[in-house]
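[1] mind folding the following:
(one chain, ligands or ions: 1)
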Amino acid sequence: MQPIIIVGSGLAGYTVAREFRKLDATTPLKIVSRDCGSFYSKPMLSNVFHQKKDPAKIASYSAAQMAEQLHAEVLPYSSVTALDPATRTIQINHQDTGYQSLVLALGADQRRIDLAGDAAEDVLSVNDLADYLRFHTLLHDKRRVAILGAGLIGCEFANDLTSGGITVDLIDPASWPLSRFLPEPAGQVMADALSGIGVQLWPGCTPVAVDRSDDGYRLSLSGGKSLQVDLVLSAIGLVPRIMLAQAAGLTTARGIVTDACLRTSAEHVYAIGDCAEVENLLLPYVMPIMQCARALAKTLFGTPAKVTYPAMPVVVKTPAMPTVVAPPLQQDGAWETDGKAGSMRAVYRNADSSVGGFALLGDRVEEKGALLKQIAPWRI
Ligand SMILES: Cc1cc2nc3c(=O)[nH]c(=O)nc-3n(C[C@H](O)[C@H](O)[C@H](O)COP(=O)(O)OP(=O)(O)OC[C@H]3O[C@@H](n4cnc5c(N)ncnc54)[C@H](O)[C@@H]3O)c2cc1C
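    The predicted model follows:
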């Protein structure tokens, strides 16, 4: 019997495998990953530096342990370089391998920013454990880091590194941090909290160039300002990995396009996680992946299931200002804010005045449960 092959050993790939094994203990399962195949919590990476945790201890299970747990074959350090839906084969390290069903759980790349300067290539990003190990090694003895992008990951790293004794410059073209998630008054509360712990914010600024200097890097910003830093970390967003699917003729848009059952345009091929665009939605977060994995496991088992999304709040790991956001799905309404310095409740009202999303900061995070009950599940 040909195996079900899952390409990718991130949260999406391993969670599908786990959910599938709850339904089916025997169908051969192969998990192929171009990384080391160990299981770790990716969200931990932007919150672990100040804890002084040994980076070698972040992974909770090795590839071999995952293989045993999942009763699966796990192939680490193995790249899938091509796929042919017509013959139901993929190339693993350039060798043809057949599948009965194929799950693409390829993740996303950090978006690269176009910068001038002789050190533009030295700009770092952290999107997986190997990136973090490299960043952590380079951080040794360093004192000042510039972070490009004050989104979820940029703000979390800013808080984490500052708590760990690093001086942080946080640069973003928007006027307030987390501008995709928070209305301005709430963003100002976050900005005040980050400034309060020592983060230097540079709102309304765009990085232009990175050049080597005698002791680190000179980062030039729009408006003529320049900063002297030891490292530059970019956190400006993600680009789903679609090239493999594109080359095989699958329908792609921003991500690999799927229907509500996670089916791509090719028969027996599915996509999930940061690489997938499920019914026009890109949701590169943990909770949507868990929902999708449960649905996809049923579909792989032969009982096709559509994913449904409950309201899925994202906890922003900024201890300087505890924050939880449930981003609105529709954009036809408006934010209502209520708060003061140090805390804030922002509720997004859809056009019909129902609650479409929220952002809670400081002691208002306690209102999460009550607000979640007011958001209708997203049915796609
Ligand atoms: C620093 C950080 C903090 C985050 N914090 C949060 C948070 O607090 N809350 C939240 O909800 N979300 C958070 N996220 C997002 C969340 O972690 C991701 O949405 C999720 O981990 C993505 O899982 P994935 O399996 O889709 O992708 P990945 O984990 O990127 O896995 C992709 C896998 O595919 C493999 N692969 C890719 N191409 C190939 C190929 N050609 N051949 C073989 N293997 C291949 C890779 O090696 C990898 O194993 C955070 C993300 C980051 C980077």
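[2] hmm, Met312 and Met287 touching each other?
    Yes: using CB atoms under 8 Å, Met287 is in contact with Met312, at 3.8 Å. C-betas here are computed from N, CA, C, even on glycine.
[3] and those two? Which one has more around it.
    Met312 (19 against 14; other CB atoms under 10 Å).
[4] quick one, phi psi at the more buried one?
    As for Met312, its main-chain torsions (degrees, to the nearest 10) stand at phi -120, psi 90.
[5] would you pull up how far stretch 198-211 lies from the middle of the chain?
    The chain centroid and the centroid of stretch 198-211 are separated by 22 Å, computed with CA atoms, centre = their mean, to the nearest Å.
[6] list the contacts of it.
    Here stretch 198-211 makes contact (CB atoms under 8 Å, 6 or more residues apart in numbering) with 113, 115-120, 122-123, 146, 148, 150, 158-159, 162, 167-177, 191, 194-195, 217-223, 225, 232.
[7] distance between the ends of that stretch?
    One end of stretch 198-211 to the other measures 25 Å (CA to CA, to the nearest Å).
[8] for that stretch, which residues meet the burial criterion?
    Neighbour-count burial for stretch 198-211, counted by 16 or more other CB atoms under 10 Å, picks out 199-203, 205, 207-211.
[9] do stretch 229-245 as well
    Neighbour-count burial for stretch 229-245 [16+ other CB under 10 Å]: 229-238, 240-242, 244-245.
[10] out of the contacts of stretch 198-211, which end up buried?
    Taking 16+ other CB under 10 Å as the criterion, what is buried in the contacts of stretch 198-211 is 113, 115, 117, 119-120, 123, 146, 148, 150, 158-159, 162, 167-174, 176-177, 191, 194, 217-221, 232.
[11] give me the subset of those residues lying in strands.
    Counted as lying in strands by DSSP state E, out of the buried ones among the contacts of stretch 198-211, are 146, 148, 167-172, 217-221, 232.
[12] quick check: the farthest pair among these?
    Asp172 and Arg218 (19.3 Å; CB to CB).
[13] any idea whether the one residue sitting closest to the centre of the chain is helix, strand or coil?
    Centroid-nearest residue in the chain: Pro284, 4.9 Å away (criterion: CA atoms, centre = their mean). Using DSSP: H, G, I helix; E, B strand; the rest coil as the criterion, the local structure at Pro284 reads coil.
[14] around the nearest residue to it once chain neighbours are set aside, how many other residues sit close by?
    Excluding its sequence neighbours, the residue lying closest to Pro284 (CB to CB, 6 or more residues apart in numbering) is Asp274, at 4.3 Å. Asp274: 26 surrounding residues under other CB under 10 Å.
[15] ok but Asp274 is inside a strand, no?
    No: counting by three-state DSSP, Asp274 is not found in a strand; it is helix.
[16] which parts of the chain sit against the ligand?
    Proximity of the chain to the ligand (CB under 6 Å from any ligand atom) is limited to residues 7-13, 32-35, 42-43, 45-46, 79-80, 105-107, 126-128, 153, 241, 244, 273-274, 284-287, 289, 314, 317.
[17] just the buried subset of the residues you listed, please.
    In the residues of the chain next to the ligand, the ones that pass as buried (16+ other CB under 10 Å) are 7-13, 32-35, 42-43, 45-46, 80, 105-107, 126-128, 153, 241, 244, 273-274, 284-286, 289, 314, 317.
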